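>>> sequence-free structure coming up:
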């Protein structure tokens, strides 16, 4: 298995992963979105490739703290294909995400995860990887 930066040719596989994450989209829509993300230097997308197939991804965003000096990285999208879980792929993706955060000079790394029943295993995985439950998230559409 190889962890590497995502490329535009990965978009069809990334669309399948986004669907598993609960965010269905089309190849054309995601290609446009991905091109915008790649053009932003504060973003970085990692993929896990196994036997020529993309089986996981981590979308990262570097930001500045308001409350502290310095920066942090947020994992804004994280998914391992349902057929490839519990094989160490998520662990390697998180470790590579943490390495990228350190390279950016970030002080911390964080993520949000929905509180749906199907996310409970993911929550246990994050705790096992050293992440702590912190806060409650809120969201509101402004469109």
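Alright, I've got the coordinates. Note that this is a predicted model, so its numbers are computed, not measured.
>>> C-alpha from now on. contacts and neighbour counts both.
Fine.
>>> Is there a neighbour count for residue 97? I'd like the number.
When neighbours are counted by other Cα atoms under 10 Å, residue 97 registers 23.
>>> Ok, the one 5 residues further on next?
Residues near residue 102, counting by other Cα under 10 Å, number 15.
>>> What strand or helix carries it?
For residue 102, the element it lies in under DSSP states H and E is helix 89-103.
>>> And that helix, what's buried?
Burial within helix 89-103, assessed by neighbour count using 16 or more other Cα atoms under 10 Å, is assigned to 89-90, 93-94, 96-98, 100-101.
>>> Please apply the same query to stretch 2-11.
Of the residues in stretch 2-11, 3, 6, 11 count as buried by neighbour count, 16+ other Cα under 10 Å.
>>> outside of the lengthiest strand in the chain, which residues touch it?
Longest strand in the chain by number of residues, with DSSP state E as the criterion: strand 53-64. Here strand 53-64 makes contact (Cα atoms under 8 Å, 6 or more residues apart in numbering) with 10, 13-14, 17, 42-49, 70-81, 84, 89-90, 93-94, 97, 101, 104, 106.
>>> quick one: the helix holding residue 102 to chain centroid distance?
In terms of Cα atoms, centre = their mean, to the nearest Å, the centre of helix 89-103 is found 10 Å from the chain centre.
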